[in-house]
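>>> please find the sequence and the predicted model below.
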Amino acid sequence: MAHIQLKNVSKKFGNHTALTGLDLDIADGEFFVLLGETGAGKTTTLRMIAGLEKPTEGQVFIDGVDVADWGAAERDVALVLQQYSLYPRYTVRENLEFPLKPKIRRLPDAEIKDRVDRAARTLRIEHLLDRKTDRLSGGEMQRVSIGRAIVRKPRVFLMDEPLSALDAKLREALRTELKNLQMQLGATFLFVTHDQIEAMSMGDKVGVLNHGRIVQTGTPHEIYNNPRDTYVASFVGSPPMNLIDGRLVDGRAVMAPLNFELPFSGGAKTGGATDGRPLVFGIRPEDVYLETGAPVEARVHDVENHGVEKILTLRVGDTMLRATVPARTDVEIEQPVRFAWNPDKVVLFDKGSGVSLRHAG
Amino acid sequence: MAAVRTSSEIGFNRVAIVAVLVVTIIFLAPIYWIASTAFKPRNLATTIPPTVVFQPEISPFVKLFTKRSQLRSPPTPEEYAAAPWWERVVFNGGEKIVRDGKGRVQWSGYPSRFMNSLIVAITSTILAVGMGTFTAYGFSRFRVKGEADLLFFILSTRMLPPVVVAIPMFLMYRAVGLNDSHLGLIILYTAFNLSFSVWLMKGFMDEIPKEYEEAALVDGYTRMEAFFKIVLPEAATGIAATAVFCFITAWNEYAFALIMTNRRAQTAPPFIPSQVGAGLPDWTVIAAGTFLFLLPVAIFTFLLRNHLLRGMSFGAIRK
């Protein structure tokens, strides 16, 4: 178990900058999710902690020790990848034994057998032990991959989109399993994904990465309810947060250029001096509701039925707005409706920088 | 799918089968010619039209392996009766086997030339494929400064006909005493095959996901252990294909073997035709020598045929 720290880490590949000034602090026993789009630098971060890449600048600490001169073998981390992490010529058992047999920490045979059996039981792959890996399904392969990581009892688990190649059902099941496993082992996990649902449902803490920079670190709750900037707001959540340009005028949100207005009461939180300044209003779809007599009229542009709820796309002039409403709400496309928002839930962003006023303040 | 076939499909299949047959016959005809001549009696070897039906004989092979001289007079019946069967077939051809003072049979030059060919071809193949595999791995996995230029430089050694450098090579070899030595030919063939081996193996190495080794590195293995335990078994197909090509090139090489060697280290290719000039050519013996010479490549290729088929199509399919 270990405490991982990255201090001011940058990584360049030739002319391409993958990471800039990255600071990361992963506490012992924490399930940390690094969330970002493809190419944001998630995998590079992971590979630097694993010792497969060297940072161009900055330091990596494991349990307070600078590991710059440690090779991948000495760092005692385990890596689970999206694919190709099982050795194709070996059986499942041989794959599980492999991490226990290197010269630098060869275990006695009885211990190897014991650990392999225990890992197989934990992951329910006992019946697969004598099978060759090319005869496994995708889910079984990923289970074995995770098995290969847990047999070693490493200091930290690094997972690079381990669930991305699986189909939706399996992904959901393994998500729960993985989270349970982490709690059971009490181990430090660094989990990399581009899937915000994975990040929200599994992480104790989430770090959002964009273009090689950490944009925001926090609990899933913080990330969701209090995004630091418009990038996080639009990346996290499905459907994402509505972002509408406008201004504050006398305690009312005036959406320019459309000129619809909504009441806004959060002036105190913004630190004042916001009157007339160009802003972006962020509101989660579930905080937009339909009501007869609500201040603004819109037309229903599109309806997506998700079973437990409906996601409506509302049209006001040219602006589109998403609203999550109960499934029993009976609406038709092009039907005029009136809507309002929950003013307490509105997040204000500076129009120019995109940074939330709460964070900037 | 297969149950319903249109007539044009069937027609195409027939044409394809005929084409394959024709090509196979064209390729196999010379082999048949060599094999049949190797078992013919001498007087039937050069008949016009060619003799197809004949009583096969082993005498060309006996002659191939022994030193013979013309009989001045036919052997006496006692001599003939006392001779072993292989000596009788030589008597029948009007020749006798040369023996030394103690009565030991004198071997011809062929077995030692054949051995030379084996030594040189096998050693140079192992060296070229081994060095090529390591080099290719390096190019494939590490950021090598000037990688493109280096690879081009390696390939450029193949851009001129090798015979162009034969004379300077000969002079250099003579100066350092490498001419007519196994080592000389081995170095030459290894150098010649290395560029090919590096390029081919690089293609195969690039196809092996680097995640395999990285997993091993993280699991506590050194780069070297990961290479031998994980990469090498994955590259077996490529290694087999490369080895076959290198072996064939080294085994069949004629020009340099002719120039660089004359006795001690001479390989079979320059030796076999040299027998044409010794008196009246005995085509059956030459055919026998050629026939045996074909066998190692045939066996080697046959053993590796599964790897070869996969190897040929390997680089063509992208993930």
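That came in fine, so what should we check first?
>>> residue ranges with poor pLDDT in the stretch 201-319 of chain B?
B:276-279, B:310-319 (pLDDT under 70).
>>> from memory residue A:76 sits against residue A:149, does it?
No: between residue A:76 and residue A:149 there is no contact under Cβ atoms under 8 Å: 11.6 Å. Glycine gets a C-beta too; all of them are placed from N, C-alpha and C.
>>> common neighbours of the two, please.
By Cβ atoms under 8 Å, 6 or more residues apart in numbering or on different chains, residue A:76 and residue A:149 have no common neighbours.
>>> of those two, who's got more company?
residue A:149 (28 against 20; other Cβ atoms under 10 Å in any protein chain shown).
>>> ok, the more buried one touching residue A:157?
Yes: at 5.6 Å, residue A:149 counts as touching residue A:157 under the criterion of Cβ under 8 Å.
>>> and residue A:326, its phi and psi?
Per-residue torsions, residue A:326: phi -60, psi 150 (degrees, to the nearest 10).
>>> what pLDDT does the closest residue to chain A within the stretch 1-150 of chain B get?
Residue nearest to chain A within the stretch 1-150 of chain B (Cβ to the nearest Cβ): residue B:143, separated by 8.6 Å. Note for residue B:143: predicted pLDDT of 85.
>>> check residue A:261 too.
If you check residue A:261, the pLDDT there is 69.
>>> quick one: residue A:289 and residue A:339 touch, right?
Yes: using Cβ under 8 Å, residue A:289 is in contact with residue A:339, at 6.6 Å.
>>> which neighbours do those two share?
Counting by Cβ under 8 Å, 6+ apart, the residues touching both residue A:289 and residue A:339 are residue A:323.
>>> of the two, who's got more company?
More crowded of residue A:289 and residue A:339, by other Cβ under 10 Å: residue A:339, with 21 against 16.
>>> how is the chain divided into domains?
Answering for chain A, as no chain was given. A:4-225, A:242-360 (automatic domain parsing).
>>> I was thinking of chain B, sorry if that wasn't clear
Using automatic domain parsing, chain B is parsed into the domains B:7-38, B:59-97, B:110-314.
>>> JSON lines for those, including mean neighbour count?
Below are the domains of chain B laid out as JSON lines (neighbours: other Cβ atoms under 10 Å in any protein chain shown):
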{"stretch": "domain B:7-38", "mean neighbour count": "12"}
{"stretch": "domain B:59-97", "mean neighbour count": "15"}
{"stretch": "domain B:110-314", "mean neighbour count": "18"}
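>>> save these as a markdown table, and put in distance to residue A:161 too.
Below are these laid out as a markdown table (distance: least, Cβ to Cβ, whole Å):
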| stretch | distance to residue A:161 |
| --- | --- |
| domain B:7-38 | 45 |
| domain B:59-97 | 66 |
| domain B:110-314 | 12 |
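>>> can you check which of the ones you listed gets nearest to residue A:144?
Among the domains of chain B, domain B:110-314 comes nearest to residue A:144, with 11.9 Å by Cβ to Cβ.
>>> list the contacts of residue B:257.
Counted by Cβ under 8 Å, 6+ apart, residue B:257 has contacts B:185, B:266-267, B:269-270.
>>> what does the residue nearest to residue A:326 when sequence neighbours are not counted show for phi and psi?
Distance criterion Cβ to Cβ, 6 or more residues apart in numbering or on different chains; nearest residue to residue A:326, sequence neighbours excluded, is residue A:309 at 6.2 Å. The phi/psi pair for residue A:309 (degrees, to the nearest 10) reads phi -150, psi 170.
>>> what's around residue A:309, how many residues?
16.
>>> so it makes contact with residue A:328?
No: assessed by Cβ under 8 Å, residue A:309 is found out of contact with residue A:328, at 9.7 Å.
>>> relative to the whole chain's centre, how far out is the host helix or strand of residue B:173?
Here residue B:173, judged by DSSP states H and E, is contained in helix B:166-176. On the basis of Cα atoms, centre = their mean, to the nearest Å, helix B:166-176 sits 25 Å off its chain's mean C-alpha point.
>>> now swap in stretch B:211-222 and tell me
38 Å.
>>> ok, stretch A:284-293 next?
27 Å.
>>> for it, output the C-alpha coordinates as CSV.
Written as CSV, here are the backbone C-alpha positions of stretch A:284-293 (Å, rounded to 0.1, in the frame of the first residue of the first chain):
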residue,chain,number,x,y,z
ARG,A,284,-27.7,20.6,-14.6
PRO,A,285,-30.5,19.2,-16.6
GLU,A,286,-32.1,17.7,-13.5
ASP,A,287,-32.3,21.2,-12.1
VAL,A,288,-34.4,22.5,-15.0
TYR,A,289,-38.1,21.7,-14.5
LEU,A,290,-41.3,22.2,-16.4
GLU,A,291,-44.1,24.1,-14.7
THR,A,292,-47.2,25.8,-15.8
GLY,A,293,-46.7,29.5,-15.0
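>>> pLDDT (mean, whole number) over stretch A:211-223?
On average, stretch A:211-223 scores 91.
>>> am I right that residue A:207 is in a strand?
Yes: checked against DSSP: H, G, I helix; E, B strand; the rest coil, residue A:207 lies within a strand.
>>> distance of it relative to residue B:227?
35 Å (Cβ to Cβ, to the nearest Å).
>>> count the residues that sit near residue A:148.
27.
>>> mind giving me the packing neighbours of the host helix or strand of it?
Residue A:148 belongs to helix A:138-150 when assigned by DSSP H and E. On a contact count with 3 or more Cβ pairs under 8 Å, 6 or more residues apart in numbering or on different chains; DSSP states H and E, helix A:138-150 meets strand A:77-80, helix A:92-97, helix A:109-123, helix A:168-185.
>>> got the contact list for the residue of the stretch 201-350 of chain A found nearest chain B?
Per Cβ to the nearest Cβ, residue A:212 is where the stretch 201-350 of chain A lies closest to chain B, at 19.6 Å. Listed by Cβ under 8 Å, 6+ apart, the contact set of residue A:212 reads A:11, A:17-20, A:22, A:40-41.
>>> returning to what we had before: between the contacts of residue B:257, which is closest to residue B:13?
residue B:269 (40.8 Å).
>>> now the closest one: closest residue in space, sequence neighbours ignored.
In space, residue B:269 is closest to residue B:254, 4.4 Å off (Cβ to Cβ, 6+ apart).
>>> nearest residue to residue A:179 in space, please, no chain neighbours.
Residue A:179 sits nearest to residue A:202 (Cβ to Cβ, 6+ apart), 5.0 Å away.
>>> for residue 205, which non-adjacent residue is closest in space?
Using chain A. residue A:32 is the one closest to residue A:205 (Cβ to Cβ, 6+ apart), at 5.1 Å.
>>> please refer instead to chain B.
Nearest one to residue B:205, counting by Cβ to Cβ, 6+ apart, is residue B:140 at 3.8 Å.
>>> residue of the stretch 101-250 of chain A nearest chain B, please.
For the stretch 101-250 of chain A, Cβ to the nearest Cβ, closest residue to chain B: residue A:102, 3.5 Å.
>>> got the contact list for residue B:208?
Contacts of residue B:208 (Cβ under 8 Å, 6+ apart): B:231, B:234-235.
>>> perfect, that will be all.
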